[in-house]
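Novice: below is the sequence, then the predicted model.
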Amino acid sequence: MIRWGILGPGRIAHKFAQDLLTVPDAQLYAVASSSLERAQEFAQQYGAKHALGSYQELLTLSDLDVVYVATPHTLHHENVLMLLNGGVAVLGEKPFAMNSEQVRDMVETARTKRVFLMEALWSRFMPGIVKALDLAKSGTIGKVVSVKADFGFKAQFSPEGRLFNKSLGGGALLDIGIYPLFLAYLMLGKPQSIKASASFGQTGADEQCGMVLTYENGQLALLDCTLQAKTDCVGIIQGELGQIRLHSRFHETKAITLQLEGQEPAVFEFDRETFGYEYEIRHVMDCLTDQLTESPLWSLADSLNLIKILDDVRAEAGITY
């Protein structure tokens, strides 16, 4: 049995907890909040043994195996370091932190302490994403020449809300732009150059961002994200011999289509009744069981590379915090 803690019982933590309940050998053991009342409500709803009114109290639970950090972006660095320095394994919500310096600090601490740490980039473990990566890497569509991906929804404007509040790391890029960038990185690796432009709203947060990434072998990634409108949320991996289409919403896709030139399309379906967090949950549990300190599928080096790309996009587009 792997005993899980949740730090920060917000909206995404509720989805995570619901999926956690579907995983054999997983137990929601503790929930910690800055509000004891919120922690107690969350613990009662999902059957957690411990409800804690401060994050630090997690360190008093000697039989806790791993903690999922689900606080706002700006708190990730502080929260993760507290747990790592206390010897507690961490699954930290994306973006891992606010910038490369913070992520590097977290990674160095985890490696020094020899404590498991992984960024909760749940898309990496979705069966549809895994299948698309396998098809692309096996040469099924020939050389990959481009990746196209968009992610947009019309967000209700709230100046103090997480999405639009710069003091909470608000803006389209860090919240949803990370997904198109992740797909491009997964398929093509680190870019050689980046062009990016953003538009800003009343609070100064980026509400739209468009990105063009160029790679050493001439490949391109054409990516965009927006909080102003609902977009198709589709991912297309184009190869010389055909394409792989990740159906909407691509980052949590339940189906992909392989279209090769001159052939009938092949559709692969990956139905589920959950939100999809159970795949990363199971992977973390496998890593802990095997006594690994980082994931072989989404490594700390991958997280460092991705946050560097995010930093470069921010610098190019003029997004600051």
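Specialist: Okay, I see it.

Novice: strands of this structure, start to end?
Specialist: Along the chain, counting by DSSP state E, strands occupy 2-7, 26-32, 50-52, 66-69, 89-93, 117-120, 144-152, 193-200, 206-214, 220-226, 235-239, 242-246, 255-260, 266-269.

Novice: which elements pack onto the last one?
Specialist: Applying 3 or more C-beta pairs under 8 Å, 6 or more residues apart in numbering; DSSP states H and E, one finds that strand 266-269 makes contact with strand 255-260. Every C-beta, even on glycine, is put in place using the N, C-alpha and C of the backbone.

Novice: chain neighbours aside, what residue packs nearest to the most centrally placed residue in the chain?
Specialist: Centroid-nearest residue in the chain: residue 121, 2.8 Å away (criterion: C-alpha atoms, centre = their mean). Distance criterion C-beta to C-beta, 6 or more residues apart in numbering; nearest residue to residue 121, sequence neighbours excluded, is residue 94 at 5.1 Å.

Novice: wait, that neighbour sits on residue 178?
Specialist: Yes - taking contacts as C-beta atoms under 8 Å, residue 94 lies within contact range of residue 178: 5.8 Å.

Novice: nearest to residue 129 among the strands of the chain would be which one?
Specialist: strand 242-246 (7.3 Å; C-beta to C-beta).

Novice: stretch 68-79 - what's its average pLDDT?
Specialist: Stretch 68-79 carries an average pLDDT of 97.

Novice: which parts of that stretch are buried?
Specialist: Within stretch 68-79, the residues scored as buried using 16 or more other C-beta atoms under 10 Å are 68, 69, 70, 71, 72, 73, 74, 75, 76, 77, 79.

Novice: which residues are contacting it?
Specialist: 4-10, 12-13, 16, 55, 80, 83, 90-93, 95-98, 102-103, 105-106, 120, 162, 167-169, 174-175, 321 (C-beta atoms under 8 Å, 6 or more residues apart in numbering).

Novice: which ones are touching residue 173?
Specialist: Under the criterion of C-beta under 8 Å, 6+ apart, the neighbours of residue 173 are 198, 206, 209, 225, 310, 313, 314, 317, 319.

Novice: what's near enough to touch the fourth one?
Specialist: Same thing as residue 225. 150, 151, 152, 172, 173, 176, 177, 179, 180, 208, 209.

Novice: residues contacting the residue nearest to it when sequence neighbours are not counted?
Specialist: Excluding the flanking residues, the one nearest residue 225 by C-beta to C-beta, 6+ apart is residue 177, at 3.8 Å. Residue 177 is in contact with 151, 209, 211, 223, 224, 225, 310, 313, counting by C-beta under 8 Å, 6+ apart.

Novice: what subset of those is buried?
Specialist: By neighbour count, with 16+ other C-beta under 10 Å, these hold 151, 209, 211, 223, 224, 225, 310, 313 as buried.

Novice: is the last one in contact with residue 184, as I believe?
Specialist: Translated: residue 313. No - judged on C-beta under 8 Å, residue 313 makes no contact with residue 184 at a distance of 10.9 Å.
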